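>>> The following comprises the amino acid sequence and a computationally predicted model.
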Amino acid sequence: MIDSLNSLLRLMEGNKRFLIGDTRISSLTNQARRLEVAGDQKPFAIILGCADSRVPAEVIFDQGLGDLFVIRIAGNIIAPSQIGSVEFAAGYFGTPLVVVLGHSFCGAVQATLDEVTGKSSNISKNLASITNRIKPAVEYVLLKSDCQDPFYLLREAVRENIRRSVQNLCNGSEIITDLINQKQLLVVGAEYFLETGEVDFFEGIPAF
């Protein structure tokens, strides 16, 4: 298993291949690869991302079967089941990297913005279980910003939501905290831009 920094570099390099269209994913999803990973898995990175249909982690990072342990939920929020899934992958497989992956124009963040600003009140109980976890990020952005431009507010709220998800993941589990302190796990935050295909790693990135 490669270490956390090399895992991060591997994701960055994969996204660069995706951007220029020089991908190798077909060779990582063929019959030989399926047989290779059928009996065991050793994912080098955990991706906790949004469920948006336009953000498939294996595609945007140009990775194949068995490479990524992917957890997806609207708004890339952190709840007990997501924390438990990260604990499972880090503990059982020794995966050294977690990426909280949000994306531009996130619908879950927009729904939360609309709810907080009174533009929408038709939130179901189940959807509220998601937006309630995004609200602190949205309320913080609204409080600190004098700008009322909706695109600016959404962009800032997306980033703040990613930052807070990273913090909640790091602080929500003794197992994860211990792995971080032992330098066995790195947790970072990133934003995928729907418009360009680029992934910007901006939170928790160590110096190379």
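Noted; the coordinates are in hand. In this text, all values refer to a predicted model and were calculated from it rather than measured experimentally. Numbering: from 1, shown residues only.
>>> secondary structure element for the spatially most central residue of the chain?
Here the mean C-alpha position of the chain is nearest to the C-alpha of L101 (CA atoms, centre = their mean), at a distance of 2.1 Å. According to DSSP states H and E, L101 maps onto strand 97-103.
>>> next one: D178
Counting by DSSP H and E, D178 is part of helix 174-181.
>>> okay, the angle between that helix and strand 97-103?
110 degrees (axes from the mean of the first three to the mean of the last three CA atoms, to 10 degrees).
>>> returning to that earlier point: now the nearest residue to the residue nearest to the centre of the chain once chain neighbours are set aside: how far from V98?
Closest residue in space to L101, ignoring its immediate chain neighbours: G49 at 3.7 Å, by CB to CB, 6 or more residues apart in numbering. Quick note: C-beta positions are derived from backbone N, CA and C, even for glycine. To V98, G49 is 11 Å away according to CB to CB, to the nearest Å.
>>> same check, this time on L68
The value you get for L68 to V98, if CB to CB is used, is 11 Å.
>>> what about the two, which has more around it?
Of the pair L68 and V98, V98 is the one with more neighbours under other CB atoms under 10 Å, namely 29 against 24.
>>> shared neighbours of L68 and V98, which are they?
Any residue near both L68 and V98 by CB atoms under 8 Å, 6 or more residues apart in numbering counts here, and that gives 45-47.
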